[in-house]
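Q: Next comes the sequence, and after it the predicted model I'd like to discuss.
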Amino acid sequence: MAVPIGVGVIGAGKHGLRYLSHLRTEVREFSVAAISRRDAQAGATQARELGCAFFADWRDLVACPAVEAVVVVVPPTLHLAIVSAVAQARKALLIEKPLAPTGDAAREIVEHVRRAGIPVVMAHTLRWNVAVRAVRDRLPVLGELRALVLNQRFEPSPLEWLDDPVVSGGGILLHTGVHSFDLVRLLTGREVRRVWCRTLASHTRRTEDNFAAILELDGHPALVDVTGCRDTLGRSGLIDVALTGGQLLADHQQHWAHEVHGLARTPLSLGEPVPTVREVLRSFAALLVRGTPPPAMLEDGARSVLIAEACRRAAAAETWVEVARLDPS
């Protein structure tokens, strides 16, 4: 087997630990070369346990010769500076969603990466979810799309920084909504033209934790509704697709999917749930080792941010708002 690719992970907190766990045990194309996190004491302890280098400053991690690829698992307000440095260093990049706090920042990130020509995976993890994939596989055989409804429900987050817009860049529209906005594009094969949105802050104080949006597709009359709630004790991720030849119902959180005709429901075969973070890392490895294109590109992340930004503007103005375009490569 070839020598593993040295990976540096920026952000080794709650979500970053998932990446580190899979990197250690299940993705043999990589080895953990270095980590960086704000909590220097915790980071140094983690690095000793992992047998890798620790850098209190992420810039030193990016510059480290042993780091050939960078995994970024930090708040999106830090992404532009990090991606700029990674692109300048010509190193491969895996970046978590949301790509950026604003559409302008997302565009700038895309431009940095395009100029550098570095390989990138956008970790819109639901694209690797087996329920989502089962629904997408059945869509072509069930006729014309008439309506799509997506919702996500979560308990309030214990992460205090999520309710600090200076750090988080926004609330549920940005941090959870981008998942659903990306699924709209994935499942319909269309871009979103304009949006209408309402938001609510019921548990949070400085950002929204509930939203309801109507999305108009570019060149397609299907009705699309997307909602999100992070102030409940339940967790779900409902997908409801109405087509002329039947209905698809699924839940990407609870791991089930059905095809519906009349009152009859037929379960879709899903197999066992798969850890989507592990699958994202495997796609990253496939991109670097074999040149296999990943399911989610950087532009997908940017377009989801542009939709979230339009929804935020629509909620503030209480009117329909056009979604800004991303220049093609």
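A: Received the coordinates, thanks. Numbers count the residues shown, from 1 in each chain.
Q: Kindly give the local confidence score, pLDDT, for residue 327.
A: For residue 327, the pLDDT comes out at 85.
Q: okay, now it: neighbour count?
A: 10 (other Cβ atoms under 10 Å). C-beta: built from backbone N, CA, C; applies to glycine.
Q: go on, residue 175?
A: 24.
Q: Likewise for residue 167?
A: Neighbours of residue 167 (other Cβ under 10 Å): 16.
Q: Pretty sure it sits in a helix.
A: Yes - looking at residue 167 with DSSP: H, G, I helix; E, B strand; the rest coil, it is inside a helix.
Q: Report the contact partners of it.
A: Counting by Cβ atoms under 8 Å, 6 or more residues apart in numbering, residue 167 touches 75, 77, 161.
Q: Could you verify my assumption that the second one touches residue 170?
A: No - the pair residue 77 / residue 170 is not scored as a contact, 9.5 Å apart, by Cβ atoms under 8 Å.
Q: Now for the two: what residues contact both?
A: With Cβ under 8 Å, 6+ apart as the test, residue 77 and residue 170 both reach residue 101.
Q: who has more neighbours, the two?
A: When neighbours are counted by other Cβ under 10 Å, residue 77 and residue 170 differ, and residue 170 comes out ahead with 22 against 19.
Q: Helices - which of the contacts of residue 167 land there?
A: Members of the contacts of residue 167 lying in helices (criterion: DSSP state H): none.
Q: Reformat these as JSON lines; add distance to residue 324 and pLDDT.
A: As requested, those are exported to JSON lines (distance: Cβ to Cβ, whole Å; pLDDT from 0 to 100):
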{"residue": "75", "distance to residue 324": "22", "pLDDT": "96"}
{"residue": "77", "distance to residue 324": "19", "pLDDT": "97"}
{"residue": "161", "distance to residue 324": "27", "pLDDT": "93"}
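Q: Could you pick out which of these are located in strands?
A: Assigned to strands by DSSP state E, none of the contacts of residue 167 qualify.
Q: would JSON lines of these with distance to residue 126 be doable?
A: Formatted as JSON lines, the contacts of residue 167 follow (distance: Cβ to Cβ, whole Å):
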{"residue": "75", "distance to residue 126": "20"}
{"residue": "77", "distance to residue 126": "23"}
{"residue": "161", "distance to residue 126": "23"}
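Q: any idea which of those is closest to residue 284?
A: residue 75 (20.8 Å; Cβ to Cβ).
Q: From residue 297, how far off is that closest one?
A: Here residue 75 is placed at a distance of 22 Å from residue 297 (Cβ to Cβ, to the nearest Å).
Q: swap in residue 77?
A: 22 Å.
Q: Equivalent analysis for residue 97, please.
A: Taking Cβ to Cβ, one finds residue 97 at 12 Å from residue 297.
Q: Looking at these two, which is more packed in?
A: The residue with more neighbours, out of residue 97 and residue 297, is residue 97; 23 against 17, by other Cβ under 10 Å.
Q: Residue 21 in helix, strand or coil?
A: Residue 21 - assigned by three-state DSSP - is helix.
Q: Actually, residue 100.
A: Assignment for residue 100 (three-state DSSP): coil.
Q: Tell me, how many residues neighbour it?
A: So residue 100, with other Cβ under 10 Å, has 27 neighbours.
Q: Ramachandran angles for it?
A: phi -160, psi 160 (degrees, to the nearest 10).
Q: Surely it is in contact with residue 109?
A: Yes - at 5.7 Å, residue 100 counts as touching residue 109 under the criterion of Cβ under 8 Å.
Q: what is in contact with these two at once?
A: Counting by Cβ under 8 Å, 6+ apart, the residues touching both residue 100 and residue 109 are 79, 80, 302.
Q: Give the helix, strand or coil label for the second one.
A: The local conformation at residue 80, judged by three-state DSSP, is helix.
Q: now it: how far from residue 19?
A: Using Cβ to Cβ, which is the criterion applied here, residue 80 is 21 Å from residue 19.
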